[in-house]
Every structure is written in C-alpha cells, then in structure tokens.
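Student: coordinates for the following, if possible.
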Amino acid sequence: MNKKDEINLQQQYIEKVKKINTNKKLKYNILTMGCQLNENDSEKLCGMLEEMNYEKTDDVRNCRHYFV
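Tutor: Sure, this is the predicted structure:
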C-alpha cells in the first residue's frame, strides 16, 4: 500500500468516527513524554482527535487518555 492510499484510508476512518461521535461531548487528554518527535506525534494525534469531534481537556477524570 502506498502512502497516498494509506492517508485516504485514515481519512475515511476519521470521517466514520466523526459521524459516530456527532452530538457527543467526548474529551481527550494526551500526556507526552520524551523527545521532540513525541511532541510532533502528539500534535498530529490532537488534530486527528479534534477532527473526530473530541475536545481537548486538562481534566483527566472523565476523558480518554493517550500516552505518547
């Protein structure tokens, strides 16, 4: 699979999840540890999650957790 096909599949997945998450108040929090590459990965993940209707929060009690 080439990179363009992979990106198209990821975008299709994001659109499906976005539809599922419509009208839901979902939140996420990402804890990033390590090097600048991890920071970059975290920023990419933030963008993808926000495209899927997740909202970033610092309140870690009621949200999805991601560790990079």
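
Student: ok, now which ones touch residue 39?
Tutor: residue 32 (Cβ atoms under 8 Å, 6 or more residues apart in numbering). Any C-beta I mention is one placed from the backbone N, CA and C, and that applies to glycine too.

Student: so where does it fall, helix or strand?
Tutor: helix 36-51 (DSSP states H and E).

Student: name every strand pairing with the longest strand seen in the chain and say which way it goes.
Tutor: In the chain, with assignment by DSSP state E, the single longest strand is strand 26-31. Sheet pairing of strand 26-31 (DSSP bridges) gives strand 54-56 (parallel), strand 64-67 (parallel).

Student: what are the contacting residues of the shortest one?
Tutor: Right, the one you point to is strand 54-56. 21, 25, 26, 27, 28, 29, 30, 46, 49, 50, 64.

Student: can you add distance to residue 37 and give these back as a markdown table?
Tutor: Output for these, formatted as a markdown table (distance: Cβ to Cβ, whole Å):
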| residue | distance to residue 37 |
| --- | --- |
| 21 | 28 |
| 25 | 32 |
| 26 | 27 |
| 27 | 25 |
| 28 | 20 |
| 29 | 20 |
| 30 | 14 |
| 46 | 15 |
| 49 | 19 |
| 50 | 21 |
| 64 | 22 |
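
Student: for those residues, which single residue is the most surrounded?
Tutor: For these, counting by other Cβ atoms under 10 Å, the largest number of neighbours falls to residue 49: 21 neighbours.
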